[in-house]
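Trainee: attaching a predicted model along with its sequence, questions to come.
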Amino acid sequence: MKARILGAATLALSALVASPVAAQVNGVAVADPAVAVAGSQALQTAYNQIGTTFQAQRTQLEQLQQQRSTALRQFDTDGDGQLSQEEQTAAQANSGAIAQIQGLDEQINTIQQPITLARIFVIEQIAQQLNPAVQAVVQANAIQLILSPASTLYIADPVDVTDDIIAQLNTLAPTVSTAVPQGWQPQQQSAQLFQQVQDILVTVAAQQQALQQQQAQQPAAAAAAPVQGR
């Protein structure tokens, strides 16, 4: 399932950053480092490799997550997929169910840990090339200042150089290793960047899935529409 999500995210993210290459305005540009890392070919390839390497674990994770959802569903009285404060209070009274859910959480975290560690390792390697990639874009476009989109009130499309940075990353780091060295521990900023990248991939995948559902519904709606007589 995650492989399908990554594939959809890759397509949507490619469309997101495939804006025409444009020069900065008065020496000022904007770029999103997390989007640049998420859109890099090295990350997409490495994530697919990790998915293949940990296929058995991912299957087990899906099974455990389904068991957890089933265990929680008995307390989700309104069926909204979330537990309200009242539903959480009721769940706390059932010590057996809580113990089961906690046990499932521990298993999920244990199995997920090496997968997450491998992904952070990949991101840390790509992030090491971010500064050289940015410098190359700065020199090529005579940029004096690059701002984060989050720090600006208005962004014109021509000043976004995120796709330029992605192109540089693809040159500087076309591939990275997915084999985590024994005893390796990620830097805090790498873990933070990993979370940002994950949020981007999930968001873009959800947008792509919604678009696909909308496109699938259009032919059905057209077929169901009454035929106008002449």
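Mentor: All right, it came through fine. Residues are numbered from 1 along each chain as shown.
Trainee: how far away is residue 188 from residue 124?
Mentor: Using C-beta to C-beta, to the nearest Å, one gets 11 Å for the distance from residue 188 to residue 124. For every residue, glycine as well, the C-beta is placed using N, CA and C.
Trainee: neighbour-wise, which of these two wins?
Mentor: More crowded of residue 188 and residue 124, by other C-beta atoms under 10 Å: residue 124, with 19 against 8.
Trainee: find the helix or strand that the more buried one is a member of.
Mentor: helix 95-127 (DSSP states H and E).
Trainee: quick check: what element follows that helix along the chain?
Mentor: Scanning forward in sequence from helix 95-127 by DSSP H and E, the next helix or strand is helix 130-141.
Trainee: give the other helices and strands that that following helix contacts.
Mentor: Contacts defined by 3 or more C-beta pairs under 8 Å, 6 or more residues apart in numbering; DSSP states H and E place helix 130-141 against helix 33-38, helix 162-172.
Trainee: and those, which is most packed in?
Mentor: Comparing those by mean neighbour count (mean count of other C-beta atoms under 10 Å), helix 33-38 comes out on top with a mean of 24.
Trainee: what mean pLDDT does it have?
Mentor: Averaged over helix 33-38, pLDDT sits at 96.
Trainee: which residues touch that helix?
Mentor: The set of residues external to helix 33-38 that reach it, using C-beta atoms under 8 Å, 6 or more residues apart in numbering, is 9, 13, 16-17, 43, 123, 126-127, 130, 133, 148, 162, 165-166, 169, 193, 196-197, 200-201.
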